[in-house]
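>>> Sequence and computational prediction follow.
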Amino acid sequence: MAVTVTTRVEKDLAKAIDEIAKQEGMDRSTIIRRFLSQAVRGWLMQTALRKYEEGAITLWQAAEQCGLSLWQIIEEARARGIRSPYSLEDLREDLRAL
């Protein structure tokens, strides 16, 4: 079910949105919905990958937070140069435990 959200924007932003809508052959609301959807997905991805890199969550949890598969989030992390928080010391501890 759709929910109506109302907000105010600067005239310049409204003008830019209208121009984009015209170029795309869409109405203002459709363009705004697309922009919001892209922005939310981008924010979720950025936040989840930052938490992963900090070691706060696993890669699997990051994928779940973004609504992606594990392989999709791995590819996204690779593309963004995100490094695993798994350190050499972590490896040594795991090997000692074995």
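Received, thanks. Numbers count the residues shown, from 1 in each chain.
>>> so how far is residue 37 from residue 5?
From residue 5 across to residue 37, the span is 12 Å (C-beta to C-beta, to the nearest Å). Bear in mind the C-beta positions are built from the backbone N, C-alpha and C, glycine included.
>>> right, I mislabeled it, should have said residue 47
Note on residue 47: its distance to residue 37, by C-beta to C-beta, is 16 Å.
>>> who has more neighbours, those two?
Using other C-beta atoms under 10 Å as the criterion, residue 47 and residue 37 rank with residue 47 on top: 14 against 10.
>>> show me what contacts that one?
The contact partners of residue 47, by C-beta atoms under 8 Å, 6 or more residues apart in numbering, come to residue 65.
>>> what's the longest helix in this structure?
Counting residues, the longest helix found in the chain (DSSP state H) is helix 28-54.
>>> Who are the packing partners of the helix or strand just after it?
Next in sequence after helix 28-54, counting helices and strands by DSSP states H and E, comes helix 59-66. Contact partners of helix 59-66 among helices and strands, from 3 or more C-beta pairs under 8 Å, 6 or more residues apart in numbering; DSSP states H and E: helix 28-54, helix 70-79.
>>> can you give me the angle helix 59-66 makes with helix 70-79?
Per axes from the mean of the first three to the mean of the last three C-alpha atoms, to 10 degrees, the angle that helix 59-66 makes with helix 70-79 is 100 degrees.
>>> sorry, back to before: buried ones in the longest helix of the chain?
31, 32, 45, 48, 49, 51, 52, 53 (16 or more other C-beta atoms under 10 Å).
>>> mean confidence score for that helix?
For helix 28-54, the mean per-residue pLDDT is 96.
>>> and the angle for that helix with helix 59-66?
Using the same axes, to 10 degrees: helix 28-54 against helix 59-66 is 160 degrees.
>>> what sits against the spatially most central residue of the chain?
In the chain, the residue lying closest to the centroid (C-alpha atoms, centre = their mean) is residue 45, at 2.2 Å. The neighbours of residue 45, taking C-beta under 8 Å, 6+ apart as the test, are 66, 76.
>>> ok, it to residue 93 distance?
30 Å.
>>> Please apply the same query to residue 48.
26 Å.
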